[in-house]
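just a sequence and a predicted model for now, questions to come.
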Amino acid sequence: MRQGLEAFNRGEMQAFAAIVADDVVWHQIGAETMQGTQAMRDAMPQGEVDWQITADVHDVVANDEHAIALVNATATRGDGRTLEYRTAEIVHIRDGKITERWAFSDDTQRITEFFA
(Lines give C-alpha, C1' and ligand atoms only; values in the text may rest on other atoms or scores of the structure.)
Protein backbone atom coordinates (compact mmCIF):
# COMPACT_ATOMS: atom_id res chain seq x y z
CA MET A 1 0.00 0.00 0.00
CA ARG A 2 2.71 2.45 0.95
CA GLN A 3 4.77 1.65 -2.15
CA GLY A 4 1.75 1.97 -4.42
CA LEU A 5 0.69 5.34 -3.01
CA GLU A 6 4.27 6.61 -3.13
CA ALA A 7 4.46 5.59 -6.82
CA PHE A 8 1.15 7.37 -7.41
CA ASN A 9 2.52 10.54 -5.80
CA ARG A 10 5.58 10.42 -8.06
CA GLY A 11 3.38 9.92 -11.14
CA GLU A 12 4.87 6.48 -11.77
CA MET A 13 1.73 4.82 -13.07
CA GLN A 14 3.60 1.71 -14.29
CA ALA A 15 4.93 1.08 -10.77
CA PHE A 16 1.46 1.68 -9.35
CA ALA A 17 -0.11 -0.64 -11.94
CA ALA A 18 2.35 -3.39 -11.00
CA ILE A 19 0.61 -3.88 -7.65
CA VAL A 20 -2.89 -4.08 -9.19
CA ALA A 21 -4.31 -7.41 -10.44
CA ASP A 22 -5.50 -7.49 -14.06
CA ASP A 23 -9.02 -8.45 -12.92
CA VAL A 24 -9.24 -5.78 -10.19
CA VAL A 25 -12.60 -4.35 -9.14
CA TRP A 26 -11.97 -0.65 -8.47
CA HIS A 27 -14.69 1.18 -6.53
CA GLN A 28 -14.26 4.95 -6.85
CA ILE A 29 -15.46 7.89 -4.81
CA GLY A 30 -18.37 9.52 -6.61
CA ALA A 31 -17.94 7.53 -9.85
CA GLU A 32 -18.74 4.18 -11.43
CA THR A 33 -16.94 1.00 -10.40
CA MET A 34 -14.33 -0.16 -12.91
CA GLN A 35 -13.67 -3.80 -13.73
CA GLY A 36 -10.08 -4.67 -14.69
CA THR A 37 -6.93 -2.74 -15.39
CA GLN A 38 -7.91 -2.10 -19.01
CA ALA A 39 -11.03 -0.24 -17.85
CA MET A 40 -8.84 1.75 -15.47
CA ARG A 41 -6.43 2.66 -18.30
CA ASP A 42 -9.36 3.62 -20.55
CA ALA A 43 -10.73 5.93 -17.83
CA MET A 44 -7.42 7.76 -17.34
CA PRO A 45 -7.39 11.28 -18.74
CA GLN A 46 -5.63 11.64 -22.07
CA GLY A 47 -3.02 14.39 -22.25
CA GLU A 48 -2.59 17.05 -19.62
CA VAL A 49 -4.97 17.36 -16.68
CA ASP A 50 -5.62 20.47 -14.61
CA TRP A 51 -5.42 18.66 -11.28
CA GLN A 52 -3.02 16.74 -9.09
CA ILE A 53 -3.62 14.59 -6.02
CA THR A 54 -1.01 13.91 -3.37
CA ALA A 55 -1.62 11.12 -0.87
CA ASP A 56 0.06 11.39 2.53
CA VAL A 57 -0.22 8.02 4.24
CA HIS A 58 -1.08 8.45 7.90
CA ASP A 59 -1.03 4.72 8.67
CA VAL A 60 -1.54 1.27 7.16
CA VAL A 61 -3.15 -1.69 8.86
CA ALA A 62 -2.70 -4.93 6.92
CA ASN A 63 -2.37 -8.67 6.81
CA ASP A 64 -1.74 -11.02 3.86
CA GLU A 65 -5.28 -10.61 2.47
CA HIS A 66 -6.48 -7.11 3.38
CA ALA A 67 -5.10 -3.62 3.92
CA ILE A 68 -6.49 -0.30 5.04
CA ALA A 69 -4.51 2.86 4.39
CA LEU A 70 -5.55 5.99 6.25
CA VAL A 71 -4.71 8.83 3.89
CA ASN A 72 -4.63 12.61 4.10
CA ALA A 73 -5.05 13.77 0.50
CA THR A 74 -4.52 17.13 -1.11
CA ALA A 75 -5.99 17.86 -4.52
CA THR A 76 -4.87 20.91 -6.47
CA ARG A 77 -6.52 22.37 -9.58
CA GLY A 78 -4.76 24.33 -12.30
CA ASP A 79 -6.52 27.52 -11.18
CA GLY A 80 -4.89 27.24 -7.75
CA ARG A 81 -7.86 25.84 -5.82
CA THR A 82 -7.01 23.11 -3.32
CA LEU A 83 -9.02 20.55 -1.43
CA GLU A 84 -7.78 18.65 1.59
CA TYR A 85 -9.66 15.52 2.57
CA ARG A 86 -9.19 12.21 4.32
CA THR A 87 -9.82 8.75 2.90
CA ALA A 88 -9.67 5.17 4.02
CA GLU A 89 -8.32 3.09 1.14
CA ILE A 90 -9.48 -0.48 1.69
CA VAL A 91 -8.20 -3.34 -0.46
CA HIS A 92 -8.35 -7.09 -0.87
CA ILE A 93 -4.96 -8.60 -1.72
CA ARG A 94 -4.16 -11.84 -3.54
CA ASP A 95 -0.62 -12.93 -4.42
CA GLY A 96 0.69 -9.50 -3.44
CA LYS A 97 -1.66 -7.60 -5.78
CA ILE A 98 -4.76 -5.51 -5.17
CA THR A 99 -7.83 -7.42 -6.37
CA GLU A 100 -10.54 -5.08 -5.10
CA ARG A 101 -10.45 -1.53 -3.77
CA TRP A 102 -12.87 0.82 -2.02
CA ALA A 103 -12.23 4.38 -0.89
CA PHE A 104 -14.31 6.13 1.72
CA SER A 105 -13.87 9.83 2.34
CA ASP A 106 -14.81 12.34 4.96
CA ASP A 107 -16.77 14.39 2.36
CA THR A 108 -17.63 12.67 -0.92
CA GLN A 109 -19.81 15.56 -2.08
CA ARG A 110 -16.96 18.08 -1.81
CA ILE A 111 -14.63 15.73 -3.72
CA THR A 112 -17.20 15.18 -6.48
CA GLU A 113 -17.82 18.94 -6.81
CA PHE A 114 -14.08 19.75 -6.81
CA PHE A 115 -13.38 17.43 -9.75
CA ALA A 116 -16.57 18.25 -11.70
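It's in. Numbering: from 1, shown residues only.

helix, strand, or coil at Q28?
coil (DSSP: H, G, I helix; E, B strand; the rest coil).

residue ranges with poor pLDDT in the chain?
45-48 (pLDDT under 70).

switch to 80 and redo it
Within the chain, the ranges that satisfy pLDDT under 80 run 30, 44-49.

strands of that one, residue ranges please.
All strands of the chain, identified by DSSP state E, fall at 20-26, 34-35, 51-62, 66-77, 82-94, 97-105.

okay, now the sheet partners of the second one, with direction.
Going back to what we said before, that points to strand 34-35. strand 20-26 (antiparallel) (DSSP bridges).

now the strand it pairs with: how far from the chain's centre is it?
How far strand 20-26 lies from its chain's middle: 13 Å, per C-alpha atoms, centre = their mean, to the nearest Å.

now do stretch 20-29
Stretch 20-29 sits 10 Å away from the centroid of its parent chain (C-alpha atoms, centre = their mean).

mind listing what's buried along that stretch?
20-21, 24-26 (16 or more other C-beta atoms under 10 Å). Yep, even glycine has a C-beta here, placed from its N, CA and C like the rest.

what lies in contact with stretch 3-17?
Stretch 3-17 has contacts (C-beta atoms under 8 Å, 6 or more residues apart in numbering) with 19-20, 37, 44, 53-55, 57, 69, 71, 89, 98.

circling back: now tabulate the strands of the chain in CSV and tack on distance to A116.
Putting those into CSV (distance: least, C-beta to C-beta, whole Å) gives the following:
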stretch, distance to A116
strand 20-26, 20
strand 34-35, 19
strand 51-62, 11
strand 66-77, 11
strand 82-94, 12
strand 97-105, 15
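
hmm, A67 is touching R94, no?
No. Using C-beta atoms under 8 Å, A67 makes no contact with R94, being 11.9 Å away.

look at those two and report which has more neighbours.
A67 (19 against 12; other C-beta atoms under 10 Å).

ok, of the contacts of stretch 3-17, which one's closest to D107?
V71 (13.7 Å; C-beta to C-beta).

so what's the residue count around that closest one?
22.

could you measure from it over to K97?
Per C-beta to C-beta, to the nearest Å, V71 is found 19 Å from K97.
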